[in-house]
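J.: coords please:
(one chain, ligands or ions: 1)
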Amino acid sequence: MMKKIFPFLVTIGLIAFAVGCQSTSPETSALAKADTIDTGEQYRLVYHFTPPAQWMNDPNGMVFYDGEYHLFYQHYPDSNVWGPMHWGHAVSEDLVHWEHLPIALYPDSLGYIFSGSAVIDYNNTSGFGTENNPPMIAVFTHHDPVGEAEGRNDYQVQSLANSTDRGRTWTKYQDNPVVKNPGIKDFRDPKVFWYEASQKWVMILAVDDRIHLYESPNLTDWEYMSEFGENSGSHGGVWECPDLFRLTSDSGAEKWVLLLSINPGGPNGGSATQYFVGDFDGKTFTNDNSDDMSLWLDYGKDNYAGVTWSDIPKEDGRRIFLGWMSNWQYGQEVPTYAWRSAMTVPRTLHLVDTEAGLRVASLPTSELEVLRENSVALESATLEGNQEVGSELNQTSSTLELKIDFDLRDATASEVGVKLYNSLDEEVVVGYNLADQEYFVDRSNAGKTDFSDDFPGRFTAERVGGGDTLSMHLFIDVASVELFADNGTTVMSNIFFPNEAFTQVSLFTEGGTTQVIGGEIHDLTGQSVITNK
Ligand code: FRU
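T.: So this is what the prediction gives:
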């Protein structure tokens, strides 16, 4: 049975805390409070990263060093809504089990600590460490709330902090900022990488609704290089959280991929992440596709501000991505109280050749397979109507991985897919419409939906890859479902809040039959994969 929560008590506790404590110090960090929070709260995700308590948005500073994946994140430890931003911190050895660490960066006289990246300065170009003990360097936006309130337009600048003890303690650079504001209000979210060919650092920055590129020999002195995007892709909102990296396609094409989050203006409303495929010559990014083409990494409503890990070892070679599994339309209103928001599962990005051209596909990282506890194979069968699956798993909470292949040849159904439901007739439907050739996720009847007009709905995504076999791979975790369809070429991530857990799952068809080729269901761990330290 689901454990019931006491949101009233939790909320009162948070208000008391907020009133009694105006400033943020290490003693009053989220970790200190986490012990008093019920981590089994109704909508607490089990195997996704969530903050120990209070508000979280973008993933930041993701970097791999000395056997650890670091995850920093936008965090306000004094409330469950957005506020003065800190960098929360966690580490993992396998991208699945996370250990919370104390807050890494606190607001200071230059302002809040907005989003950014981290790198290992292996050649000690900055001089902050030694070659034997290279520094970990965080590059972030200082956002000055005073300048903002005064109506200035230069209140976002780029700054540094460094750590020589594996990210455990941080020193801010004494000459911050390292990139001053040229008089543009939205000027933020630096992502830095080492550009091997010219032995220099490159910074990509979101500036209004385009990006700027800078270069530096040492991470402290930066020079402007170029701009991209004025007329390219979608411009329904401000551009945020860029990333730029090289990927080799299945057929061996060497390309550069530019990720860009946009808010609002996503394909299903609100926040979303678009991408461009092209080239980077060390100075300028050029887009391979026509300017009016918009490509989306994820068509769900809940994957925003995602970027990729820095310094993944060459032998590994993966480009690993993580996003914030929420949307600025309603992220601060979702019915959780002790904490707000989760990250997506970690995903590897691949450049794949499709009929439409090169596309970025996302696949859940293989490390997630350690979560599988029980597995059931789905046999080939003709499907008509609803067919319950997975009851053998005896699941008491909805933490499942499901892979299912449908044969579209001879299908007479108009829709096929997967339903998650409960005894209250609430449901989330993840399906494919054969006539429209579109995937969809429908959460209009998924329980609590009225906290925002933008929350309920049926969201759609065009099918990119595929053929006669329709392949759906789902990760379900208490309050979220992530669909990786046709080898990750169409992705949809969406959250939901049922009044009773979705412990039942069925395969369904609408208006006819379809052949199920086969599949598998795995119960994912019932144990929390997060520890506090
Ligand atoms: C994206 C974003 C970033 C900014 C941060 C502030 O969600 O708006 O552009 O740095 O959040 O928390």
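J.: Tell me the residues of the chain that contact the ligand?
T.: Residues of the chain lying close to the ligand (CB under 6 Å from any ligand atom) are 57-58, 74, 85, 114-115, 141, 188-189, 240-241, 305. The C-beta positions use only the backbone N, C-alpha and C, and glycine is treated the same way.
J.: What is the burial count for the nearest residue to N263 once chain neighbours are set aside?
T.: Once flanking residues are discounted, N263 sits nearest to S271: 4.2 Å by CB to CB, 6 or more residues apart in numbering. Neighbour count of S271, defined by other CB atoms under 10 Å: 25.
J.: what sits against S271?
T.: When contacts are counted by CB atoms under 8 Å, 6 or more residues apart in numbering, S271 touches 261-264, 301, 304-305, 326-329.
J.: Next step: those restricted to strands.
T.: Those of the contacts of S271 mapping onto strands are 261-263, 304-305, per DSSP state E.
J.: quick one: which of those residues is nearest the ligand?
T.: Comparing those against the ligand with CB to the nearest ligand atom places A305 closest, at 4.2 Å.
J.: Q332 versus the closest one, what's the distance?
T.: Distance, A305 to Q332, using CB to CB, to the nearest Å: 15 Å.
J.: neighbouring strands for the lengthiest strand in the chain, and are they parallel or not?
T.: Ordering each strand of the chain by length in residues (DSSP E) puts strand 504-524 first. Here strand 504-524 is paired, per DSSP bridges, with strand 372-378 (antiparallel), strand 381-389 (antiparallel), strand 399-407 (antiparallel), strand 415-421 (antiparallel).
J.: Most tightly packed of these?
T.: strand 415-421 (a mean of 23; mean count of other CB atoms under 10 Å).
J.: partners of the helix or strand following it, with directions?
T.: Next in sequence after strand 415-421, counting helices and strands by DSSP states H and E, comes strand 427-433. Here strand 427-433 is paired, per DSSP bridges, with strand 415-421 (antiparallel), strand 438-442 (antiparallel).
J.: could I get those as JSON lines with mean pLDDT and distance to S452?
T.: Output for the strands paired with strand 427-433, formatted as JSON lines (pLDDT from 0 to 100; distance: least, CB to CB, whole Å):
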{"stretch": "strand 415-421", "mean pLDDT": "97", "distance to S452": "21"}
{"stretch": "strand 438-442", "mean pLDDT": "98", "distance to S452": "17"}
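J.: Relative to N231, which of those strands is closest?
T.: strand 438-442 (27.9 Å; CB to CB).
J.: What lies in contact with that closest one?
T.: If you take CB under 8 Å, 6+ apart as the criterion, strand 438-442 is touched by 299-300, 428-433, 457-463, 481, 483, 485, 490, 492, 494.
J.: Which SSE is immediately downstream of that strand?
T.: Later in the chain than strand 438-442, the nearest helix or strand by DSSP H and E is strand 458-462.
J.: for that following strand, packing partners?
T.: Strand 458-462 is packed against strand 438-442, strand 490-495, with contacts defined by 3 or more CB pairs under 8 Å, 6 or more residues apart in numbering; DSSP states H and E.
J.: how about those strands in CSV, adding distance to V178?
T.: CSV is the format used below for the helices and strands packed on strand 458-462 (distance: least, CB to CB, whole Å):
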stretch, distance to V178
strand 438-442, 42
strand 490-495, 34
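J.: Out of these, indicate the one that is most buried.
T.: strand 490-495 (a mean of 26).
J.: Neighbouring strands of that one in the sheet, and parallel or not?
T.: Here strand 490-495 has these sheet partners by DSSP bridges: strand 480-485 (antiparallel).
J.: Show me which residues of the partner strand are buried.
T.: By neighbour count on 16 or more other CB atoms under 10 Å, the buried set for strand 480-485 is 480-485.
J.: again, but for stretch 130-142
T.: The neighbour-count check on stretch 130-142 (16+ other CB under 10 Å) flags 134-142 as buried.
J.: would you turn these into TSV with pLDDT and secondary structure?
T.: TSV is the format used below for these (pLDDT from 0 to 100; DSSP: H, G, I helix; E, B strand; the rest coil):
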residue	pLDDT	secondary structure
P134	98	coil
P135	98	coil
M136	99	strand
I137	98	strand
A138	99	strand
V139	99	strand
F140	99	strand
T141	99	strand
H142	98	strand
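J.: low pLDDT regions in the stretch 251-400 of the chain?
T.: Within the stretch 251-400 of the chain, the stretches with pLDDT under 70 are 394-397.
J.: the helices in the stretch 101-250 of the chain, which residues?
T.: Remark: helices assigned in the stretch 101-250 of the chain by DSSP state H, counting those that start in this stretch are 145-149.
J.: Now do the strands in it.
T.: Secondary structure of the stretch 101-250 of the chain by DSSP state E, counting those that start in this stretch: the strands cover 112-120, 136-143, 156-163, 171-172, 187-195, 200-207, 210-216, 223-228, 238-248.
J.: Okay, buried residues for stretch 227-244 please.
T.: Buried residues in stretch 227-244, counting neighbours by 16+ other CB under 10 Å, are found at 228-229, 232-235, 237-244.
J.: So which of A305 and Q332 has more stuff around it?
T.: Just comparing A305 and Q332: by other CB under 10 Å the higher neighbour count belongs to A305, 25 against 17.
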